[in-house]
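Colleague: Dropping a prediction and its sequence here:
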Number of protein chains: 2
Amino acid sequence: MRNGTKIAKEPRPRGRPRGFITSEVLERVRDVFLAKGFAAASLDELCAAAGLNRPSLYAAFGDKEQLYISMLRHIGQGSVEAMDAILSGPDPIERRLGRLYKGAIDIYTRPPNPPGCIIVGTATVEATSHPAIGAAANQILASFEKAFERGFIASHLQPAPSPAERASMAAAILTATGIRARLGVPAADLRAFTKSMIPVICR
Amino acid sequence: MRNGTKIAKEPRPRGRPRGFITSEVLERVRDVFLAKGFAAASLDELCAAAGLNRPSLYAAFGDKEQLYISMLRHIGQGSVEAMDAILSGPDPIERRLGRLYKGAIDIYTRPPNPPGCIIVGTATVEATSHPAIGAAANQILASFEKAFERGFIASHLQPAPSPAERASMAAAILTATGIRARLGVPAADLRAFTKSMIPVICR
DNA sequence: ATATTTTTGTACCACATCGCATATAAATGC
DNA sequence: GCATTTATATGCGATGTGGTACAAAAATAT
């Protein structure tokens, strides 16, 4: 790793160091956004949850829209990594899908968090008024679909439907599950739903 | 229809008659709610769109939440009727489903309205803060699923998956389509998606 | 030690919001 | 005619909103 005088330990930046960690702040404001949605989440609540004052939040993330998008991207990135980890396993695709859906339903319904998927559950409504939010959410959903597609490509299924079509369907099931969870459908019903869809997707 | 002295023409109620028609008001506020969502829609905008003053709106519908729920129920009822009309046709279920999805995508993407389904697109985010909204949306989605189920029962498909399972899947596809439409997916892509799903649902 | 740079904390502003109080208008019952 | 009932119109006040100015604090560079 030696390149000239650069040392691994990068030097501290110039001024006063930050009193927070970016990923932690993003995960805390996520709870507020998940509970209230983007529009109804006030800066007071966001600052309180983040443990930051308003100027600090603004200096670090920009306005509310940019903060929200940063949070979305952070969650989306972690989700894709988790999906890849599950979908790249050695067992049959049906089992991998089952584990993925089960994990998602856990996240969507586990107290004390408000139920539902934050992406399709809170970003969707803002897409019209805040196109950047819609675009970010769309990118994330597309990356989910890509993750599914990688999983199907790595499996040995009949050529039709294509991996892309199966991925599109699997992503649609995940989307609908996230919506239904937020609307109050019990976790057991969601599990039964996804379980019944897996053989249809993998036929 | 003759029962005693009751005449078909019911007598006008006592005071000053209303200067508006309920269904028209609900359809006008729908445009605002669809564009901004529930939380971001202000009473000023709603009143302007409805052509009513604030006290009139409150007297007729109650507060913003009740107005929104009335609007949702109105739209949901009309949607179920439209679904039944399409799904009860004489041609094969594949064609009926195709017409239904095509009609839905038209509604979801036709200018000048903002894109997406108002139910899954705007009610979902409020379900946590406004349980009554979540419950109403859930009821409507359940009635959609029932409509699908009636369509599948009236068709002659293999017993597995059951009509209820097929209906659940068809409804999930419709939900995901409404979400994707709002996030900006072009109508052509949505049509290709639903078209590819129909044979999977009806196999 | 002093200067520089970045973060933090307090206070603030202009503005929009919801819900209501009050007054007027338009219909019916007697 | 007059009283009653309901709907409409105007306007207001208390509260909360997103965003920012300014000074103090905490680190590094020289």
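Modeller: Nice, thanks for sending it over.
Colleague: Where do the helices of chain A begin and end?
Modeller: For chain A, the helices defined by DSSP state H cover A:22-40, A:43-50, A:54-61, A:64-87, A:93-109, A:118, A:131-153, A:163-182, A:187-202.
Colleague: Between the ones you listed, which one is closest to residue B:17.
Modeller: helix A:22-40 (36.8 Å; Cβ to Cβ). Backbone N, C-alpha and C define where each C-beta goes, glycine included.
Colleague: Take the closest one, keep the C-alpha atoms, and write them as PDB.
Modeller: Provided in PDB are the C-alpha atoms of helix A:22-40 (Å, rounded to 0.1, in the frame of the first residue of the first chain):
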ATOM      1  CA  THR A  22     -22.400  10.200   9.600                       C
ATOM      2  CA  SER A  23     -23.900   6.700   9.400                       C
ATOM      3  CA  GLU A  24     -25.200   6.900  12.900                       C
ATOM      4  CA  VAL A  25     -27.000  10.200  12.200                       C
ATOM      5  CA  LEU A  26     -28.500   8.800   9.000                       C
ATOM      6  CA  GLU A  27     -29.800   5.700  10.900                       C
ATOM      7  CA  ARG A  28     -31.300   7.900  13.600                       C
ATOM      8  CA  VAL A  29     -33.100  10.200  11.300                       C
ATOM      9  CA  ARG A  30     -34.300   7.200   9.400                       C
ATOM     10  CA  ASP A  31     -36.400   6.300  12.400                       C
ATOM     11  CA  VAL A  32     -38.100   9.700  12.300                       C
ATOM     12  CA  PHE A  33     -38.700   9.600   8.600                       C
ATOM     13  CA  LEU A  34     -40.000   6.100   8.800                       C
ATOM     14  CA  ALA A  35     -42.500   7.100  11.500                       C
ATOM     15  CA  LYS A  36     -43.700  10.400  10.100                       C
ATOM     16  CA  GLY A  37     -42.800  10.400   6.400                       C
ATOM     17  CA  PHE A  38     -40.700  13.100   4.700                       C
ATOM     18  CA  ALA A  39     -43.200  15.900   4.700                       C
ATOM     19  CA  ALA A  40     -44.500  15.500   8.200                       C
END
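Colleague: Comparing the helices of chain A, which stretch has the densest surroundings?
Modeller: Of all these, helix A:118 carries the top mean neighbour count, a mean of 28, counting by mean count of other Cβ atoms under 10 Å in any protein chain shown.
Colleague: pLDDT on it, on average?
Modeller: Helix A:118 shows a mean pLDDT of 96.
Colleague: ditto for stretch A:168-185
Modeller: Per-residue scores along stretch A:168-185 average to 97.
Colleague: Same question for stretch A:92-107.
Modeller: On average, stretch A:92-107 scores 97.
Colleague: quick one: the residue positioned nearest the centre of chain A and residue B:184, what's the gap?
Modeller: Most central in chain A under Cα atoms, centre = their mean is residue A:76, positioned 3.4 Å from the mean C-alpha point. Using Cβ to Cβ, to the nearest Å, we find residue A:76 at a distance of 16 Å from residue B:184.
Colleague: Also residue A:55?
Modeller: Taking Cβ to Cβ, one finds residue A:55 at 33 Å from residue B:184.
Colleague: contacting residues around residue A:161?
Modeller: Going by Cβ atoms under 8 Å, 6 or more residues apart in numbering or on different chains, residue A:161 touches A:169, B:196, B:200.
Colleague: need the residues of chain A near DNA strand D, please.
Modeller: Within chain A, the positions near DNA strand D by Cβ under 7 Å from any atom of the strand are A:11-12, A:14-17, A:41-44, A:54-55, A:58, A:63-65.
Colleague: Out of those, which comes closest to residue B:87?
Modeller: Once Cβ to Cβ is applied, the member of the residues of chain A next to DNA strand D that ends up nearest residue B:87 is residue A:41, at 39.7 Å.
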